[in-house]
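Colleague: next input, structure requested:
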Amino acid sequence: MLIFAAEALLASVECKNIYLETSWTTAEDIEFFIKNIGSERIMMGSDIFNNTCYNQAIEIEKYKILWHYLLKGST
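Modeller: From the prediction side, this is the model:
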């Protein structure tokens, strides 16, 4: 997990009014966020229009992972 993602997660665990977004995180980070704070506190974020086509595909895959967890619930 990237250091900023870890810091954001720590803050969101301590402060229930902090929501996380997915830009510049890995799919593994998103999964870890959902397992720790629940899918209802994750927002889809993207720098998609500033990225290359390769990065756009990665961003879309992260959304698919998030959607999968939203359908299953955060348990």
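Colleague: just the buried residues of stretch 2-20, please?
Modeller: 5, 8-9, 12, 20 (16 or more other Cβ atoms under 10 Å). C-beta coordinates here come from the backbone N, C-alpha and C atoms, glycine included.
Colleague: widest-spaced pair of the residues you listed?
Modeller: Ala5 and Ser12 (10.5 Å; Cβ to Cβ).
Colleague: residues that sit against both of these two, list them.
Modeller: By Cβ atoms under 8 Å, 6 or more residues apart in numbering, Ala5 and Ser12 have these common neighbours: Phe33.
Colleague: which other helices and strands contact the biggest helix by length in the chain?
Modeller: Using DSSP state H, we find that the single longest helix of the chain is helix 53-72. With contacts taken as 3 or more Cβ pairs under 8 Å, 6 or more residues apart in numbering; DSSP states H and E, helix 53-72 sits against helix 27-37.
Colleague: buried residues in the helix it packs on?
Modeller: 29-30, 32-34, 37.
Colleague: which of the residues you listed lies closest to Leu71?
Modeller: Among the buried residues of helix 27-37, Ile34 lies closest to Leu71 (Cβ to Cβ), at 11.8 Å.
Colleague: for Thr22, give me phi and psi.
Modeller: Here is the backbone geometry of Thr22 (degrees, to the nearest 10): phi -100, psi 0.
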